[in-house]
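K.L.:
here is my input; please provide its structure:
(one chain, ligands or ions: 1)
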Amino acid sequence: MIYFIGAGPGAVDLITVRGAEILRKAQRIIYAGSLVNPEILKVYASSECEVFDSSSLTLEEILALLIDGHNRGLVTVRLHSGDPALYGAVREQFEALRAKNIPFEIIPGVSSLFAASASLKTEYMTPELSQTLIISRLEGRTPVPERESLSSLAAHRSSLALFLSAGMLEKVCDELISGGYDKNTPAAVVYKASWPEEKILRGTLETLPEIAKDIRKSALILVGEFLSDEKFAKSRLYDKTFSHEYRNSCLHS
Ligand code: SAH
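P.N.:
Below you'll find the predicted structure:
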């Protein structure tokens with residue numbers, strides 16, 4: 001059987017129990033070496049397991065290893081960072097296996113999106129500030145449809161999380177400001193969330209490019225009033241009338 005497993009954001013104990021159990025049984029593991037913490041393999045993979053780092057392999061080579069593992073009856077694992085469904089480039093692997101009628105299973109993982117909010121000790125959805133989280137990226141070599149350009153997403157001024165964009169922070173902030181966010185909107189870069197070398201840098205859309213200029217990869221850019229302690233303190237979330245109305249509406253719904 002072939003398993004696609006989300007390894008989680010980096011910390012070895014942020015993989016799911018199901019994922020860890022399959023890793024222990026695995027006979028072949030192909031892991032995304034650029035982002036999966038190799039410590040995870042040291043902790044969970046058996047010493048007899050064959051391990052391949054996919055960062056130097058092509059899609060065809062990865063598929064050949066997966067299909068060969070399946071044909072030999074090996075417990076074969078494709079290990080992706082975070083959750084495979086977010087920027088995992090898994091779809092082309094799924095389609096190739098489906099075309100050959102090769103069964104596979106997917107084990108979800110803790111995305112870096114949630115390791116970052118945990119490290120920041122915050123919540124993306126804050127009553128009155130934003131009830132929407134937009135997950136996107138700046139266009140790189142992978143094209144992004146024009147209707148999803150950062151400046152058009154910025155018009156919502158919602159909470160925003162950007163993957164794969166830390167190396168282009170200045171461009172990101174310029175586009176977000178020109179698209180509608182105030183230049184004083186709080187923004188943060190979380191580098192290697194949950195890893196021992198994690199770093200959190202905070203600023204505003206105006207100041208963050210300078211503050212986080214040394215961080216080029218393995219980082220999320222987070223934007224929105226949800227990062228502001230000050231605004232939250234002024235929110236009516238814990239106001240008596242607000243919570244009373246909320247409880248009433250819950251009772252009647
Ligand atoms: N599927 C992964 C994302 C893979 S795309 C997930 O769910 O997290 C790779 C991008 O994810 C990186 O460029 C970075 O933006 C982000 N990323 C992955 N791991 C990270 C971590 N531990 N801390 C911060 N960002 C991370």
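
K.L.:
A helix includes I215, no?
P.N.:
No: secondary structure of I215 (DSSP: H, G, I helix; E, B strand; the rest coil): coil, not part of a helix.

K.L.:
if I look at the nearest residue to it once chain neighbours are set aside, how far off is the ligand?
P.N.:
Ranked by CB to CB, 6 or more residues apart in numbering and with sequence neighbours excluded, the top spatial neighbour of I215 is Y191, at 5.0 Å. Heads up, the C-betas are built off the backbone N, CA and C, glycines and all. As for Y191, its distance to the ligand is 6 Å (criterion: CB to the nearest ligand atom, to the nearest Å).

K.L.:
what count of nearby residues applies to Y191?
P.N.:
Counted with other CB atoms under 10 Å, residues neighbouring Y191 total 21.

K.L.:
pairing partners for it in the sheet, please.
P.N.:
K199, A219 (DSSP bridges).

K.L.:
residues contacting it?
P.N.:
When contacts are counted by CB atoms under 8 Å, 6 or more residues apart in numbering, Y191 touches 166, 197-201, 215, 218-219.

K.L.:
let's see that with 10 Å instead.
P.N.:
By CB atoms under 10 Å, 6 or more residues apart in numbering, Y191 lies in contact with 116, 119, 166, 197-201, 212, 214-220.

K.L.:
which pLDDT does the model give it?
P.N.:
Per-residue pLDDT puts Y191 at 98.

K.L.:
before we move on, what about R147?
P.N.:
pLDDT, R147: 92.

K.L.:
where in the chain is pLDDT low?
P.N.:
Counting by pLDDT under 70, the chain has low-confidence residues at 231-239, 242-253.

K.L.:
next to the ligand, which bits of it? Give me the list.
P.N.:
Counting by CB under 6 Å from any ligand atom, the residues of the chain close to the ligand are 9-10, 35, 80-83, 86-88, 111-112, 115-116, 163-164, 190, 192-195, 217-220.

K.L.:
filter those residues down to the buried ones.
P.N.:
9-10, 35, 80-83, 86-88, 111-112, 115-116, 163-164, 190, 192-195, 218-220 (16 or more other CB atoms under 10 Å).

K.L.:
if you look at those residues, which of them are in strands?
P.N.:
Among those, the members falling in strands (DSSP state E) are 80, 163, 190, 219-220.

K.L.:
how about CSV for the residues you listed, with distance to L57 added?
P.N.:
Putting those into CSV (distance: CB to CB, whole Å) gives the following:
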residue, distance to L57
H80, 14
F163, 22
V190, 28
A219, 24
L220, 26
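
K.L.:
find the pair from these with maximum spatial separation.
P.N.:
H80 and V190 (19.2 Å; CB to CB).

K.L.:
assign a three-state SS to A188, would you?
P.N.:
Classified using three-state DSSP, A188 is strand.

K.L.:
would you mind measuring from it to A64?
P.N.:
Distance of A188 to A64, given as CB to CB, to the nearest Å: 41 Å.

K.L.:
higher neighbour count, these two?
P.N.:
A188 (23 against 12).

K.L.:
got a list of what the more buried one touches?
P.N.:
116, 119-120, 122, 200-204, 208, 211-212, 219-224, 227.

K.L.:
those residues in strands, which ones?
P.N.:
Reading strands off the contacts of A188 with DSSP E, I get 200-204, 219-223.

K.L.:
weed out the non-buried ones from these.
P.N.:
For the ones in strands among the contacts of A188, buried by 16+ other CB under 10 Å: 200-204, 219-223.

K.L.:
what residue in the chain comes nearest to the ligand?
P.N.:
G82 (2.0 Å; CB to the nearest ligand atom).

K.L.:
for that residue, what are its contacts?
P.N.:
6-10, 14, 32, 35-36, 88, 108-115, 163, 193.
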